[in-house]
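Visitor: predicted model and sequence below, questions to follow.
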Amino acid sequence: DAGVTQSPTHLIKTRGQQVTLRCSPKSGHDTVSWYQQALGQGPQFIFQYYEEEERQRGNFPDRFSGHQFPNYSSELNVNALLLGDSALYLCASRKVGGSPLHFGNGTRLTVT
Amino acid sequence: AQSVTQLGSHVSVSEGALVLLRCNYSSSVPPYLFWYVQYPNQGLQLLLKYTTGATLVKGINGFEAEFKKSETSFHLTKPSAHMSDAAEYFCAVSAAGGTSYGKLTFGQGTILTVHP
């Protein structure tokens, strides 16, 4: 049973560029959450998707956007990249009314 | 609003010694509480969770935690440390129920070092 899978594992971008990160939830899960983990910090909640809609959002600017597809997979898009966007981006999934969050191994984004 | 404070960014113990990682939370609603572990270059793995019911919860790898509402604490313990326990540990809180369960507020993390 595959867990949460994220792609790519590493990514290097230049300031001002745009990036798309992808996530496939654990089988049977229908909700996807995204987190940003800066070096030496705890993860910070970006947003959560359920039934293809953004349900909750953390304190992140509109440059951060997302999407959930009918097969429950999800994308995180970041526009106009800043150096401060360099971080590990974690995707987590769960089934509403069921399990706690299961995390993927993350995408390491470096902005130069 | 919710917040988590983990006391001690680094904890060092000898193999076989007691592990105690401290977590205090703040929540305006009944909380769900979690401990996650993160090994280098990996995601987070759930150790244990408290939702309702018994306040002493047991998790994987011999870890347990006790929810103390009066002290707003959820400290993680393990009676005997093993070298494989060396990792970073995160305490997290969420509001109970529904889609709130997907929004966790994490502490800053505690790096556990285990000496032979």
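Guide: Looks like it arrived, so ask away.

Visitor: what about the strands in chain A?
Guide: Applying DSSP state E to chain A gives strands spanning A:5-7, A:10-13, A:19-24, A:31-37, A:44-50, A:53-57, A:64-68, A:74-78, A:87-94, A:102-103, A:107-111.

Visitor: of all the ones you listed, which lies closest to B:P31?
Guide: strand A:44-50 (15.1 Å; CB to CB). Heads up, the C-betas are built off the backbone N, CA and C, glycines and all.

Visitor: can you tell if that closest one touches chain B?
Guide: Yes - applying CB under 8 Å from any CB of the partner chain, one finds strand A:44-50 in contact with chain B at A:Q44, A:F45, A:Q48, A:Y50.

Visitor: closest to the centroid, which residue in the chain?
Guide: With no chain named, the answer covers chain A. A:W34 (3.4 Å; CA atoms, centre = their mean).

Visitor: my question was about chain B
Guide: Central residue of chain B (CA atoms, centre = their mean): B:W35, at 3.0 Å.

Visitor: relative to chain A, how far out is it?
Guide: Plainly put, B:W35 is 11 Å away from chain A if you go by CB to the nearest CB, to the nearest Å.

Visitor: then B:F90?
Guide: B:F90 is 5 Å from chain A, by CB to the nearest CB.

Visitor: tell me how many other residues crowd the nearest residue to A:L109 once chain neighbours are set aside.
Guide: Ranked by CB to CB, 6 or more residues apart in numbering or on different chains and with sequence neighbours excluded, the top spatial neighbour of A:L109 is A:L11, at 5.1 Å. Using other CB atoms under 10 Å in any protein chain shown, A:L11 has 15 other residues around it.

Visitor: run me through the strand neighbours of the helix or strand hosting B:L48, direction for each.
Guide: Secondary structure assignment for B:L48, by DSSP states H and E: strand B:44-50. Applying DSSP bridges, strand B:44-50 is found paired with strand B:31-38 (antiparallel).

Visitor: the inter-axis angle of the strand it pairs with versus strand A:87-94?
Guide: 130 degrees (axes from the mean of the first three to the mean of the last three CA atoms, to 10 degrees).

Visitor: what is the burial count for residue 78?
Guide: Picking chain A for this. 24.

Visitor: my bad, the chain I had in mind was chain B
Guide: By other CB under 10 Å, the burial measure for B:K78, its neighbour count, is 21.

Visitor: didn't it look like it was pressed against B:I60?
Guide: No - using CB atoms under 8 Å, B:K78 is not in contact with B:I60; the gap is 10.7 Å.

Visitor: from memory the residue nearest to the centre of chain A sits against A:H67, does it?
Guide: No - assessed by CB under 8 Å, A:W34 is found out of contact with A:H67, at 10.9 Å.

Visitor: now do the shared contacts for those two.
Guide: Contact criterion CB atoms under 8 Å, 6 or more residues apart in numbering or on different chains; residues shared by A:W34 and A:H67: A:S74.

Visitor: roughly how far apart are the nearest residue to B:L20 once chain neighbours are set aside and B:L56?
Guide: Nearest non-adjacent residue to B:L20, counting by CB to CB, 6+ apart: B:T77, 5.4 Å away. Remark: distance between B:T77 and B:L56 (CB to CB, to the nearest Å) = 10 Å.
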